[in-house]
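Fold the stuff below for me.
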Amino acid sequence: MKTNIANLNYRKLGEGEPLIILHGLYGSSDNWISIAKALEPKFTIYLVDLRNHGKSEHKPSHTFEDMTNDLHHFIQEQGLEKPSILGHSMGGKVALHFSLRHPEMVKHLILADIVPRNYRDNPGRSNQADQHKEILQGLLSVDLDKLKSRKEVDLFLTPIIENEALRDFLLKNLKNKLSEGNLEWKLNLQVLFDAIGSLMSSVNYEDIQNMEQIPMLDVTLIRGLRSWYVADEDVTKVKELFPSLRLYNIPDAGHWLHAQQPQLVIDAILDTIK
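Residues are numbered from 1 along each chain as shown. Next up, the predicted model:
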């Protein structure tokens, strides 16, 4: 194995044609477990922890090229032939980047509430890279030698990360150190902090348009209608890149559409991979 290839933890469920699901930033394979269980009668599902997340290996860099190489190695290692790949948020950009690099290895590409936009610059919104840096700085400031429980960490983070739902989501990344009994983060926080600017801006429309030849991909876009991540103009741009695009609009759902409207997301996946 190449030294910069990360060993990826994964869960495998079901029987049928292969479907790989990739989570978003700060997430893990756990985020999509309920969706996977609903789909397992029809697919062999691989819920993957991306590098520096979940139980996957920590590495000193975190780029889309890195994650594409990890995924390429994973698919070869599992002996998968043309899996469909679904990615949410950061995982969607990984899935798109991989599909552009290796179009012959992908049956269906499903983007869950993400497009190839530069999310660092968003008119009318604060800089997304700066927002994530504030979150990661908050997590890095937690002294896990002194704070011994999830509740103590939650109280410490409350004035730093005021959104309770976001805080609860982030705290799922705490685990017990087996050797010492202390808590530790599943996330490779410093590496993510260093990479966040590139993660927000890379794999954008300009990157794809600058390719010598844009591969013909079978692409589905599932967007939450209450999410700002995919605007109407984004749909137009993605259709220009991939004319056969299938679009599923999920009502009453924001960026976490798979948690807010799981059945509609399941229906969209099933309709895509008939």
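
measure Pro41 to Leu155 for me?
43 Å (Cβ to Cβ, to the nearest Å). Backbone N, C-alpha and C define where each C-beta goes, glycine included.

right, I mislabeled it, should have said Glu57
31 Å.

Which one's more surrounded, these two?
Glu57 (14 against 11; other Cβ atoms under 10 Å).

quick one: that one and Asn4 touch, right?
No. Using Cβ atoms under 8 Å, Glu57 makes no contact with Asn4, being 10.5 Å away.

Show me where the stretch 51-200 of the chain has its strands.
If DSSP state E, counting those that start in this stretch is used as the criterion, the strands of the stretch 51-200 of the chain fall at 84-88, 109-112, 174-176, 183-185.

got a list of contacts for the longest one?
Strand 84-88 is contacted by residues 17-24, 27, 31-32, 71, 93-96, 98-99, 106-114, 258, 269, 272-273 when judged by Cβ atoms under 8 Å, 6 or more residues apart in numbering.

Mind checking which of the residues you listed land in helices?
Counted as lying in helices by DSSP state H, out of the contacts of strand 84-88, are 71, 93-96, 98-99, 258, 269, 272.

could I get these as a markdown table with pLDDT, neighbour count and distance to His62?
Formatted as a markdown table, those follow (pLDDT from 0 to 100; neighbours: other Cβ atoms under 10 Å; distance: Cβ to Cβ, whole Å):
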| residue | pLDDT | neighbour count | distance to His62 |
| --- | --- | --- | --- |
| Leu71 | 98 | 30 | 14 |
| Lys93 | 98 | 28 | 12 |
| Val94 | 98 | 27 | 11 |
| Ala95 | 98 | 29 | 16 |
| Leu96 | 98 | 28 | 17 |
| Phe98 | 98 | 25 | 15 |
| Ser99 | 98 | 24 | 20 |
| His258 | 96 | 25 | 23 |
| Ile269 | 97 | 25 | 27 |
| Thr272 | 94 | 18 | 29 |
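
one step back: between the strands of the stretch 51-200 of the chain, which gets nearest to Glu240?
Of all the strands of the stretch 51-200 of the chain, strand 109-112 sits nearest to Glu240, with 15.0 Å by Cβ to Cβ.

buried sites along the closest one?
Of all the residues in strand 109-112, those buried under the rule 16 or more other Cβ atoms under 10 Å are 109-112.

what's the answer for stretch 226-233, then?
Applying 16+ other Cβ under 10 Å to stretch 226-233 flags 227, 229-230 as buried.

before we move on, back to that, by mean pLDDT, show me the worst of the strands of the stretch 51-200 of the chain.
When mean pLDDT is averaged over each of the strands of the stretch 51-200 of the chain, strand 174-176 scores lowest at a mean of 91.

pLDDT weak spots in the chain?
Residues of the chain that meet the criterion pLDDT under 70 lie in 1-2, 122-126, 178-181.

domains for it, by residue range?
10-116+203-272, 128-196 (automatic domain parsing).

Buried deepest among those, which one?
The highest mean neighbour count among the domains of the chain, using mean count of other Cβ atoms under 10 Å, belongs to domain 10-116+203-272: a mean of 19.

Can you give me the first-to-last residue distance of that one?
End-to-end distance for domain 10-116+203-272, by Cα to Cα, to the nearest Å: 23 Å.
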